[in-house]
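A.B. asks: Provided below are the primary sequence and the corresponding predicted coordinates.
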Amino acid sequence: MQLVLFWVFAVLMLLFGAAVVFLRNPVSNALSLVMSFVFLAALFVTLDAFFIGVVQVLVYAGAVMVLFLFIIMLLNLRSERPRPLNIGAWTGGGLVVFGFAGLLGNVLSSDLRFDIQKPLISTPQISDVAAVGVTLFRHFNLPFQIIGVLLLVATIGVVILSNKELK
Amino acid sequence: MTPTLGHYLAVSGLLFAIGLAGVILRRNILVIFMCLELMLNAANLSLVAFSRYNLTTAGLPNYNGQVLVFFVITVAAAEVAVGLAIIVALFRAKQTTHVEDLNSLKF
């Protein structure tokens, strides 16, 4: 049952991911990416990472992709008109991608430690969200505050960048 | 039957390869940016898989990996905001999002 669900989510996620690369209309690209993220969130849930799955849907499929769609519609982008293929770029890119995929298959089949079944987790005392929160605030408090400063810097940067008289 | 760690890592690697193909082959800067997001998410999937398959001594998932995913999502959100602002500024100046038309800095 778990294996069936895993394959359903994984295949759908990869199909929508491929659609991002192969469709021509930017709006279809963005909507395929949303679906890909939703199925990725489902994969996170099969890994018992409920908090990360919810954050994936809220932040990525919600906020980030709305920003993308907003910009696509603001710029009023049309479907790309076909251009002559750059043969060098396509062969080079294909070589890099297939080389990477081949290397990955090679590495994953080389070691039996990648073949372990999913170990059973003991019944947790606290919920998944609470456990992530405890780890975040107890062991990663300084990085958490630094990331807050990073978000502030990004916000100010966006405001300055969208200023019309950019000098 | 449950999926093994290798299953998750293979799916994560394939997602990364799809994103990499998009970054290399597509010419629309917005689509390149979306494919970058795909690659970040592939890394997230392998992090969560490692966290689930390497239990702590208490028999719970290793939450350090999930906290790292949380940080990656935060940085990606900041990156998307700044990147899209740059793309809008670029579009105002050049009226295009096609990377082959943006060659002012090309030697």
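C.D. replies: Cool, got the structure. Bear in mind the structure is a predicted one, so any value in this text is a computation, not a measurement.

A.B. asks: can you tell me if the one helix or strand in chain A whose mean pLDDT sits lowest touches chain B.
C.D. replies: For chain A, using mean pLDDT, DSSP states H and E, the weakest element among its helices and strands is helix A:87-108, scoring a mean of 88. Yes - Helix A:87-108 reaches chain B (C-beta under 8 Å from any C-beta of the partner chain) through A:89-90, A:92-94, A:96-97, A:100-101, A:104-105, A:108. Backbone N, C-alpha and C define where each C-beta goes, glycine included.

A.B. asks: what sits against the residue nearest the centre of chain A?
C.D. replies: Residue closest to the mean C-alpha point of chain A, counted by C-alpha atoms, centre = their mean, is A:Phe37 at 6.0 Å. The contact partners of A:Phe37, by C-beta atoms under 8 Å, 6 or more residues apart in numbering or on different chains, come to A:56-57, A:60-61, A:65, B:41.

A.B. asks: Would you mind measuring from B:Gly6 to chain A?
C.D. replies: To chain A, B:Gly6 is 4 Å away according to C-beta to the nearest C-beta, to the nearest Å.

A.B. asks: picking up where we left off before, need the buried ones from the residues of helix A:87-108 next to chain B selected in PyMOL.
C.D. replies: Per 16 or more other C-beta atoms under 10 Å in any protein chain shown, the buried members of the residues of helix A:87-108 next to chain B correspond to this PyMOL selection:
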select buried, chain A and resi 93+97+100+101+104+108
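
A.B. asks: Serialize the residues of helix A:87-108 next to chain B to JSON lines and add fields for distance to A:Ala18.
C.D. replies: Shown next, in JSON lines, are the residues of helix A:87-108 next to chain B (distance: C-beta to C-beta, whole Å):
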{"residue": "A:Ala89", "distance to A:Ala18": "19"}
{"residue": "A:Trp90", "distance to A:Ala18": "16"}
{"residue": "A:Gly92", "distance to A:Ala18": "20"}
{"residue": "A:Gly93", "distance to A:Ala18": "15"}
{"residue": "A:Gly94", "distance to A:Ala18": "14"}
{"residue": "A:Val96", "distance to A:Ala18": "17"}
{"residue": "A:Val97", "distance to A:Ala18": "12"}
{"residue": "A:Phe100", "distance to A:Ala18": "15"}
{"residue": "A:Ala101", "distance to A:Ala18": "13"}
{"residue": "A:Leu104", "distance to A:Ala18": "17"}
{"residue": "A:Gly105", "distance to A:Ala18": "18"}
{"residue": "A:Leu108", "distance to A:Ala18": "20"}
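
A.B. asks: Past the helix or strand where the residue nearest to the centre of chain A lies, which element shows up next along the chain?
C.D. replies: Following DSSP states H and E, one finds A:Phe37 within helix A:26-46. Toward the C-terminus, helix A:26-46 is succeeded by helix A:50-55 as the next helix or strand (DSSP H and E).

A.B. asks: need the next SSE after that following helix, C-terminal direction.
C.D. replies: By DSSP H and E, the next helix or strand past helix A:50-55 is helix A:65-75.

A.B. asks: Of all the residues in that following helix, which ones are buried?
C.D. replies: If you call a residue buried by 16+ other C-beta under 10 Å, then helix A:65-75 has these buried ones: A:65, A:67-69, A:71-72, A:75.

A.B. asks: Same check on stretch B:48-64?
C.D. replies: B:48-53, B:60-61, B:63-64.

A.B. asks: Tell me the one among the contacts of A:Phe37 nearest to A:Pro119.
C.D. replies: A:Gln56 (23.2 Å; C-beta to C-beta).

A.B. asks: For that closest one, grab the count of nearby residues.
C.D. replies: Look at A:Gln56: counted by other C-beta atoms under 10 Å in any protein chain shown, it has 26 neighbours.

A.B. asks: What separation do you get for it and chain B?
C.D. replies: 7 Å.

A.B. asks: B:Ile18 falls within a helix, correct?
C.D. replies: Yes - read with DSSP: H, G, I helix; E, B strand; the rest coil, B:Ile18 is one of the residues of a helix.

A.B. asks: middle-most residue in chain B, spatially?
C.D. replies: In chain B, the residue lying closest to the centroid (C-alpha atoms, centre = their mean) is B:Leu40, at 2.0 Å.
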